Structures are given as C-alpha cells and as structure tokens.
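>>> have a look at this fold, sequence not included:
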C-alpha cells in the first residue's frame, strides 16, 4: 500500500519536486479556472494558452532551456496578445473570440517554427507537452511564487472581482474600476498559464485550470466553495497523474490531464448538478 | 485597530479609484451642477452609432420627484438613451445636464437577460453588492448594514431567502432580488431598462408599488418599457421616442393614437432609408 502510494515520492527527488510543483500549480489554477468559467471565457483561455508559445520560443532562443527565460517570454507575449485581441475586437467588426483564434493560430505556427529551427525535436516536444519530471529548484520557486501572488491578489480583489464577473455594468455604475479588474484578471490567467506550461506544455497548460473548474461547477454552489473544490480536484489530478505515470511509465502531463478528465466525467454523471440528478429532478 | 488599517486601505483604494476613472472614462459631455433640486436636462441631444443616427435633436427635462416611462417602437433608441445618460454611450451633439446630483448617484438596473441567473451566488451575496460603495473592497458588513439588507429583502417579499442560491429563483423572484439591491443603493436617481420583462403579474404589481414609494420619497425614476399597457396603467409621465420623433409629458396626452402612428412611421421611414427591411 505504502509502497504503491507513497514510496515513489520518498525514493525519487524528481518525483517529489514534480508533486510539489503540481500542488502549487493546483492551488493557483483552481480559482483562476473557476473565474474563467464563470466569466464564460473558457475559449479565450484556450487561445491565450496557445499564444504564449512564441514568447516561450523566444525565451528559449535567448536563454536556452531555462524556465525563467521562457516563462518571462511567454508571459509578455501572452499578455500582449490578450491586449491586442481586446483592442481588435473594439476597433473592428471581429468578436473577441474570433480575433483570439486568429492570433493563436499565428502564435502556434510562429512558436513551433522558432523552436524547431533553433532546437531539436525533443525541445519542441518539451515545449509543447511539458516536462514536469524535470522541474528544478528554480522552476519550483517560480511556480510557487506565481501561486502565492495569485492567491494574494485574489484575496485582495475578491469582492469586486466577483461583482465584475456577475454584473460588470453594475460595478461600472457604482464607480468600481471594472476594466482594471478585468485587466488584473488577465494578468493572473497569463501568469498561471506560464506556471502550468512547464508541467503540462503549452498545449495542455489550460487543462489544469479548466477541467477541475468545470468539474467543481457541477458540485458546489458558492464561488468560494468552487475555488476550494477546484483546487482540490487539481491536487488530486496532479498526485494520481504522477503516480500513474510512474507505475505505468506513461508520460506525466497527459496522465495528469486524463485524471482531471476522469473526475470531470464522473462529475458530469453523478454530481448534484450533473446529468443523473437533473434527470431525477425533472422526473419528479 | 484592524478597522483602522482596513479604513486606510479603503481610502487608498478609493484614491486610486478616482485616478483610474479619470484615466479610463470616456469623456462624455454630461455636465453636473451639484446644487438645486434634482433634475435631468437634455438639450438637442443626438446619439449615433457609426453612420447610423439613433437619436437626433431630443430636448426635454425630467424633474424629481417623478416616475417616467420611456416608450417607443423596437430599435427606437430607448436603451441607447439610458446608456447615454449613464455615460456609457457618447453623445454626437447636444448636451446633458444633471442638476442636484452627479453621475455616481445613479442606480441602474440592466436588462435581466444580460445576467447569468445560474451564477453561484446566494440572494444575500447579490443584494450585498448594493452596499459596495459604503463598504468598499475590504470592509466587513456591520450589523446595521445586515439589518438594512434584511429590511430590503422584507420590502421585496423575500424575507426568508437570504441563503437561497440564485439558480433556485424564478424570473420574478430574481427581479425582486435585483430590486432589493437597488433599495440598498439608496440612489436619488434610478434608471431601469425593461424591468418587467419575463416577470409575473403579481411581481409587476409589487415592484410597481416600490417604484411609487421611491417617487414619494422624492426620487427620480426613469424606466424603459416596450409594453405600452404597463406605461398606460402605471406611469404618470411618458417620453415617446422613435429616433428623430419624440413627445413627452403626461401619459394620457402622449399615448394617443396619432402619436403612436407617428412614432411607428418615424421608425419605419428610417428603416427604409437605411435599407433595413
């Protein structure tokens, strides 16, 4: 029992680091994902996740395979794309999701091009799919710092942020900084995507945010309980994902996301707001 | 001690707040004269979306206390007028002057379909937003404020709904919650955009009593409505608006057959001009 569930993490330092990284990630990504879902910005999160790739690639170009360099590049470009897409939807006929889709396709192509021309096929795989088992102390500190910053910021702006999610027009009329909170929130999304990218790669970074968040939406009925549950699901996914990947020699990123997907599937059927319960409710 | 720190934080955020508003607010031409009795004056007001005039040459004034219904055909610029008064929509020409209050004293109820009724909040959480300006970002709700919230719920007939999640409410109950939030905002000027759409007759009746109470308390209440029967039954004053055509005054003088036909003709002639079929 202990051999199966605990020993891998006591025996191998890289697994221990990976587990810590996943847990830190889960604590930050849980609440941010819930807010993305509540703001109906899931699609935009997806686009943002892909658009950090060229930044990561530029970081790779100048700093080699170091997380801080790639993370900084990814954050800057991701944030730039978010701003540009917002501006384009304001000044042209295109909707925000359409302009995001345009940007992220270009970003993806550009990122893959830069990494493949200046690195190996393996580098490309690492950037796209992540290397949680190769997390070093510097990366771990970076992920933990991003999580701490995220939780602290959410704690400070919780009240207006929730109002802004529910009724942005209201906050504007009572004189709140509606657009400022939107802006801060975009920064938090970009930061957490950068943190998640090391573990899960740019293609699946959003998985740690979205899957636990949509699962928790099916169980809980308060914003704060959604936050807690979403983080909890993300922690569970991280732990069991790593465990599976160790015992079955599966790649770690996809294992983590698949566990999160399994939780989602179970929630869809059995949760209080899932398919079964709703059916019962309708039958009564 | 804790209160002191929170208070300081609050005033700091309020300062930042003003700064941010100054940076981001689009400069509309709403003028403010804080003294005197409450009224809104529109002078030759024109609003247009790109190459599409919505309102042109509108001059009228609304004086508190009164209850105004804004009626007119679909797409006649009713909601646009409210948005302009809120400073969300820019003017093309003319002027708006607020007497006796400033834009931040306005409470606004948007159309219900703009909100997510399955949002994970309780009724208590939702009405508490009405006190946002009093409590700010950090402060706790005091006992007095909790009592106020309970009183507001009592007033809209939802006394025992404090902990009920929004998703369990009917359309009418949800609207009552939003009205409780308006009560807590305690604003001298209140704008409502289609407040009775998708709401049952009993609720309409109860909420109308509330609007009449607000007017007796000296407030200025302006509601956009597509339902002319409602305007006829409940609203003493009407602004009938159809783009360049408008009439305003006591409802019985305004909602006449000739005026109604003229307003329809005005919005139709615009549609044919713009090539909208």
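Sure, I can see it. Keep in mind that what you see is a predicted model, and the values were worked out from it rather than measured.
>>> residue numbers of chain B in contact with chain A?
Contact residues (CB under 8 Å from any CB of the partner chain) of chain B with chain A: B:16-17, B:20-21, B:24, B:86, B:88, B:104, B:106-108, B:110, B:114-116, B:119-122, B:125-126, B:129, B:132-133, B:137-138, B:165, B:167, B:185. All C-beta spots, glycine's among them, are computed from the backbone N, C-alpha and C.
>>> make a PyMOL selection of the buried ones in those.
Selection command for PyMOL covering only the buried members of the residues of chain B next to chain A, criterion 16 or more other CB atoms under 10 Å in any protein chain shown:
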select buried, chain B and resi 17+20+21+86+106+107+108+110+115+116+119+120+121+122+125+126+129+132+133+137+138+165+185
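>>> what about the stretch 1-150 of chain A, any weak spots by pLDDT?
Scanning the stretch 1-150 of chain A for pLDDT under 70 picks out A:89-90, A:96.
>>> looking at it, which residue is nearest chain B?
Residue nearest to chain B within the stretch 1-150 of chain A (CB to the nearest CB): residue A:38, separated by 6.7 Å.
>>> any idea how far residue A:20 is from residue A:255?
Noted for residue A:20: a distance of 17 Å to residue A:255, by CB to CB, to the nearest Å.
>>> return the set of buried residues in stretch A:263-275.
Buried residues in stretch A:263-275, counted by 16+ other CB under 10 Å: A:263-264, A:267, A:271, A:273-274.
>>> pull the most distant pair out of these.
Farthest pair in these (CB to CB) is A:263 and A:273. Separation: 14.6 Å.
>>> so which helix or strand takes in residue 148?
The chain I'm using is chain A. Element membership for residue A:148, per DSSP states H and E: helix A:137-166.
>>> I was thinking of chain B, sorry if that wasn't clear
Assigned by DSSP H and E, residue B:148 falls within helix B:143-155.
>>> likewise residue B:62?
Per DSSP H and E, residue B:62 falls inside strand B:52-63.
>>> packing partners for the helix or strand that that strand is followed by?
Next helix or strand after strand B:52-63 toward the C-terminus (DSSP H and E): strand B:66-71. If you count contacts as 3 or more CB pairs under 8 Å, 6 or more residues apart in numbering or on different chains; DSSP states H and E, strand B:66-71 packs onto helix B:78-86, helix B:201-216, strand B:220-224, helix B:228-234, strand B:237-242.
>>> same thing but 6 Å
strand B:220-224, helix B:228-234, strand B:237-242 (3 or more CB pairs under 6 Å, 6 or more residues apart in numbering or on different chains; DSSP states H and E).
>>> could you dump these to JSON lines with mean pLDDT?
JSON lines is the format used below for those (pLDDT from 0 to 100):
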{"stretch": "strand B:220-224", "mean pLDDT": "95"}
{"stretch": "helix B:228-234", "mean pLDDT": "89"}
{"stretch": "strand B:237-242", "mean pLDDT": "90"}
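>>> which stretches of the stretch 1-150 of chain B have low pLDDT?
Using pLDDT under 70, the stretch 1-150 of chain B drops low at B:1-29, B:51.
>>> residue boundaries of the strands in it?
Ranges of strands in the stretch 1-150 of chain B, per DSSP state E, counting those that start in this stretch, are B:30-33, B:39-49, B:52-63, B:66-71, B:93-99, B:106-109.
>>> hey, which of the ones you listed is tucked in deepest?
strand B:66-71 (a mean of 24; mean count of other CB atoms under 10 Å in any protein chain shown).
>>> contacts for that strand?
The contact list for strand B:66-71 (CB atoms under 6 Å, 6 or more residues apart in numbering or on different chains) reads B:62, B:78, B:215, B:221-225, B:228, B:231, B:235-240.
>>> nearest to residue A:68 among these?
Of those, the one sitting nearest to residue A:68 (CB to CB) turns out to be residue B:224, at 53.8 Å.
>>> before we move on, what SS does the most centrally placed residue in chain B have?
Taking CA atoms, centre = their mean, the centroid of chain B lies closest to residue B:191, which sits 1.9 Å from it. Here residue B:191 is recorded as strand under DSSP: H, G, I helix; E, B strand; the rest coil.
>>> residue B:33 - nearest residue in space that isn't next to it in sequence?
Excluding the flanking residues, the one nearest residue B:33 by CB to CB, 6 or more residues apart in numbering or on different chains is residue B:99, at 5.1 Å.
>>> give me the beta-bridge partners of the nearest residue to residue B:30 once chain neighbours are set aside?
With sequence-adjacent residues excluded and distances taken as CB to CB, 6+ apart, residue B:30 is closest to residue B:96, at 4.8 Å. In this entry, residue B:96 is beta-bridged to residue B:30, residue B:42, by DSSP bridges.
>>> residue B:96 contacts residue B:32, doesn't it?
No - Residue B:96 is beyond contact range of residue B:32, at 9.7 Å (criterion: CB atoms under 6 Å).
>>> more neighbours: residue A:20 and residue A:255, which one.
residue A:255 (21 against 16; other CB atoms under 10 Å in any protein chain shown).
>>> now for the helix or strand harbouring the more buried one, which elements pack on it?
Following DSSP H and E, one finds residue A:255 within helix A:252-270. With contacts taken as 3+ CB pairs under 6 Å, 6+ apart, helix A:252-270 sits against helix A:178-204, helix A:207-217, helix A:223-248.
>>> now for residue 79, how many residues are close by?
With no chain named, the answer covers chain A. Neighbour count of residue A:79, defined by other CB under 10 Å: 21.
>>> correction: the question concerned chain B.
Neighbour count for residue B:79, taken as other CB under 10 Å: 17.
>>> go on, the one 3 residues further on?
The local packing of residue B:82 (other CB under 10 Å) involves 22 other residues.
>>> that one contacts residue B:192, correct?
No - using CB under 6 Å, residue B:82 makes no contact with residue B:192, being 8.4 Å away.
>>> pLDDT weak spots in the stretch 151-277 of chain B?
Ranges of the stretch 151-277 of chain B meeting pLDDT under 70: B:270-277.
>>> closest point of it to chain A, which residue?
Going by CB to the nearest CB, chain A is nearest to residue B:165 of the stretch 151-277 of chain B, at 4.8 Å.
>>> who is that residue paired with across the strands?
Beta-bridge pairing for residue B:165 (DSSP bridges): residue B:122.
>>> and it, how close does it get to residue A:39?
Separation of residue B:165 from residue A:39 (CB to CB): 19 Å.
>>> same deal with residue A:93?
Distance of residue A:93 to residue A:39, given as CB to CB: 23 Å.
>>> what about these two, which has more around it?
residue A:39 (18 against 7).
>>> pLDDT wise, what is the closest residue to that one other than its chain neighbours at?
Leaving aside its chain neighbours, residue A:39 sits nearest to residue A:165 (5.2 Å; criterion: CB to CB, 6+ apart). Model confidence at residue A:165, given as pLDDT, is 89.
>>> please apply the same query to the one 4 residues further on.
According to the prediction, residue A:169 has pLDDT 82.
>>> tell me how far the host helix or strand of it is from the chain's mean position?
Assigned by DSSP H and E, residue A:169 falls within helix A:168-173. In terms of CA atoms, centre = their mean, to the nearest Å, the centre of helix A:168-173 is found 28 Å from the chain centre.
>>> for that helix, name the packing helices and strands.
The contact analysis (3+ CB pairs under 6 Å, 6+ apart) places helix A:168-173 against helix A:178-204.
>>> could you see whether chain B lies near the helix it packs on?
Yes - residues of helix A:178-204 are located near chain B by CB under 6 Å from any CB of the partner chain, namely A:179-180.
>>> up against chain B, what does the stretch 51-200 of chain A have?
Residues of the stretch 51-200 of chain A found near chain B (CB under 6 Å from any CB) are A:159-160, A:163, A:166-167, A:169, A:173-175, A:177, A:179-180.
>>> hmm, back to that, pretty sure the residue nearest to the centre of chain B sits against residue B:84.
No - at 10.8 Å, residue B:191 does not count as touching residue B:84 under the criterion of CB under 6 Å.
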